[in-house]
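In: Quick one, what's the 3D model for this:
(4 chains)
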Number of protein chains: 2
Amino acid sequence: MKRGKIWRQANPTDPAFSPETSPFFHLSRLVGLYHLRMDAHLKPIGMDVPRWRVINILHEHECATISTIADLAVIRVSTMTKLVYRMEGERLVSTAVSSTDGRVTEVRLAEKGRNALDQVRSKAGLIFERAFHDIEDADIQTFMTLTRKIYDNIY
Amino acid sequence: MKRGKIWRQANPTDPAFSPETSPFFHLSRLVGLYHLRMDAHLKPIGMDVPRWRVINILHEHECATISTIADLAVIRVSTMTKLVYRMEGERLVSTAVSSTDGRVTEVRLAEKGRNALDQVRSKAGLIFERAFHDIEDADIQTFMTLTRKIYDNIY
DNA sequence: CCAAATAAGTGGAATAATCAACTATTCCAT
DNA sequence: ATGGAATAGTTGATTATTCCACTTATTTGG
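Out: Numbers count the residues shown, from 1 in each chain, chains lettered A, B, ... in the order given. So this is what the prediction gives:
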């Protein structure tokens, strides 16, 4: 059986569809809850989920444009512009106009942003532990592979 | 191997952690993109993702309190209060104070909300098709089971 | 090489989400 | 019965996001 009963019920156009049989409903719910939990941990240290994602991306990229960050974080460019400048005001990142292309703004982690990274990772670690404590490697692998595949499908 | 290399790299406190090895990063990204795609389809028919989730839940429950909907959709109660009354203003739902408990507000789908459901499901169907066209039953099943398990772990 | 097209980002008004403080109702333990 | 705790929701101030029109910079086709 390839695309049988499960697939049909997961399809919103099917009469048997319901939130319970919908992968996207479950996904949205999980991510929503994850964000709630993260926010609860991050608020006390003056951080939040969008900022954390930016910091994480900049940790990987050292120097990225506003568009690149927006794209990686899947946040609209104008939202990211404002977020980046808020974060610059908080000394978490620094910005500079590119020397080779006057349109682009290069963003990089500032000292304070690098410090925040460690703090936030320890908080994120708590939630990760709780979420994945009874899930083994093979399942995490499968899960990420599928997530990635679905992402690519709708990209 | 139960909790080996994959698990370690997925843990934000591990030195080898990165967005690429993080299940939550992939998840957030997928859901973010899904919401972007849905919004693009829903906007032209005067709908959006939060409204759609409420409508879907009410289709399942016939009559639900604001807290119940907020809980199922993982949205804060005060946000849901405002959303519900916006939706009532748009004649998508109706509200009434419970006859047995004066504190609770019972929400149900209105005529217009039921009509919207069909329209929105056909839009959601397009994205579902695109997202899952090459993913078979067994994988959808696994995926939903894991999603549910992680959700329960952090609930 | 220049005009048109494209790309990157910005700014402001409108909309929505969040926080915290508050009201009203019900529950429950004396 | 009744006063305190808990539950359900509301409201207003604050903050964040979104839309969209616009500017400036680069690229490209003729």
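
In: Show me what the longest helix along chain A is in contact with.
Out: Secondary structure of chain A per DSSP state H: the longest helix is helix A:111-132. Applying Cβ atoms under 8 Å, 6 or more residues apart in numbering or on different chains, the set of residues contacting helix A:111-132 from outside is A:34, A:37-38, A:41-42, A:45, A:47, A:51-52, A:55-56, A:58-59, A:87, A:90-93, A:109, A:140, B:7, B:10-13, B:17, B:23-24, B:150, B:153-154. The C-beta positions use only the backbone N, C-alpha and C, and glycine is treated the same way.

In: can I assume A:Tyr34 is in contact with B:Phe24?
Out: Yes. Counting by Cβ atoms under 8 Å, A:Tyr34 sits close enough to B:Phe24 to count as a contact (6.0 Å).

In: Off-centre distance for stretch A:2-13?
Out: Averaging C-alpha positions (Cα atoms, centre = their mean, to the nearest Å) puts stretch A:2-13 28 Å from its chain's average.

In: follow-up on the earlier one: which ones among the contacts of helix A:111-132 are found in strands?
Out: With DSSP state E as the criterion, strands contain A:Val93, A:Leu109 from among those.

In: Give me the buried subset of the contacts of helix A:111-132.
Out: Among the contacts of helix A:111-132, those classed as buried by neighbour count (16 or more other Cβ atoms under 10 Å in any protein chain shown) are A:34, A:37-38, A:42, A:47, A:51-52, A:55-56, A:58-59, A:87, A:92-93, A:109, A:140, B:7, B:10-12, B:17, B:23-24, B:150, B:153-154.

In: A:Phe25 - how many residues pack around it?
Out: 23 (other Cβ atoms under 10 Å in any protein chain shown).

In: what's the pLDDT at it?
Out: At A:Phe25, the model reports a pLDDT of 92.

In: what number of residues lie near the closest residue to A:Asp14 other than its chain neighbours?
Out: In space, and not counting its chain neighbours, A:Asp14 is closest to A:Arg8: 4.8 Å by Cβ to Cβ, 6 or more residues apart in numbering or on different chains. As a burial measure, the neighbour count of A:Arg8 was computed by other Cβ under 10 Å and equals 15.
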